[in-house]
Structure formats: structure tokens, C-alpha cells
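>>> next input, structure requested:
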Amino acid sequence: MQLVIPQRNRSFGSLDAIALIGVVGFAVARWVPIAMLVPFWGCGFRKMTGVPCPGCGLTRVADRFAHLNVLGAFKANPLGTFAAALFATAIVGSVLHLAFRVPVPELVLEEKEWVRVRWAALFLFGANYAWVVFAYTTLHWR
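Residues are numbered from 1 along each chain as shown. Purely as a prediction, here's the structure:
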């Protein structure tokens, strides 16, 4: 694993693109009630089977996180809340990078480390989905 810190710059990079996506997503989640505007909004898989899909709760996560209700977002989908927090972190990092020329560090991983990252992501996805199914079917969290 290697951490590369480039020269101070204001060049638009991948962190800034992710931050822009986060700003747009949070703005829509904060001020546009999508679930009420779109009549067919909802999980078709859950409607047909009664079991939530892995993405169930992500709209609620975005809405609740944009309204600073982090606990409510976590109840809806823990991994989605973590992703929303990463978007928020990217927004802060991008503002620092573009406004004050703070360099964006780059993490370079070797192939073995990427394999571990992929396995960890697969495990987290499975654990999150198990939690979502448990919370929706047993605890009735929505």
C-alpha cells in the first residue's frame, strides 16, 4: 500500500466529480419529495415477495441523511448511511481542494490488497443485506 500526495493544485478530479454527484443527490433528497411525486416509486421486489431487496431503504437514507437524521438513515440501511457519509466527506474534501488547493491524497493498492478489499466489500454487502431483511421483517423498521 502506498499513499501518494500530489502537488497543490485545483484540477478537477475524481473526488470532485463524486462530490458534485453528492451535492446534487443531497439537494434532491433534501428539497424534492421523489417518493411522493412518482406514483410507482417503491421496491417492486418487496411488493412481490414481501422481502426487501438489498437496495431497500436507500431513498430513505438519502432523505434522512440530507435532513441530518443519521440514526434514522442508519435504521433504513446501514451501508447506505456509510455511503452517504462518504459522499459528505467527499464534498468537504472537494471544497478544501478546490478553494484552498489542498492536495488530494491517492491510495495505491497492490493486487493482493485489492482482493482483500473486494472480499471485505462482499462481506459488508452480505451483512448489510441480512440486517435489512431482519430489520424490515422482524423489527418492522421503515
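
>>> what is the burial count for Gly72?
Using other CB atoms under 10 Å, the number of residues around Gly72 comes to 16. Using the backbone N, CA and C atoms, a C-beta is placed for each residue, glycine as well.

>>> how much space separates it from Phe65?
Here Gly72 is placed at a distance of 9 Å from Phe65 (CB to CB, to the nearest Å).

>>> what helix or strand does Cys56 sit in?
Following DSSP states H and E, there is no helix or strand that holds Cys56.

>>> for it, what are phi and psi?
Main-chain dihedrals, Cys56, degrees, to the nearest 10: phi -60, psi 130.

>>> show me what contacts the closest residue to it other than its chain neighbours?
Distance criterion CB to CB, 6 or more residues apart in numbering; nearest residue to Cys56, sequence neighbours excluded, is Cys43 at 5.1 Å. Counting by CB atoms under 8 Å, 6 or more residues apart in numbering, Cys43 touches Pro52, Cys53, Gly55, Cys56.

>>> gap between the most centrally placed residue in the chain and Thr137?
Computing the C-alpha centroid of the chain and ranking residues by CA atoms, centre = their mean puts Ala83 first, at 2.2 Å. If you measure Ala83 against Thr137 using CB to CB, the figure is 23 Å.

>>> which positions within the helix or strand in which Ala127 is found qualify as buried?
Assigning secondary structure by DSSP H and E places Ala127 in helix 111-134. Using 16 or more other CB atoms under 10 Å as the test for burial, helix 111-134 gives Asn128, Tyr129, Trp131, Val132.

>>> and of those, the nearest to Val102?
Distances from those to Val102 were compared by CB to CB; the smallest belongs to Asn128, at 31.8 Å.

>>> so the closest one is in contact with Cys53, correct?
No. Taking CB atoms under 8 Å as the definition, Asn128 is not a contact partner of Cys53, at 11.9 Å.
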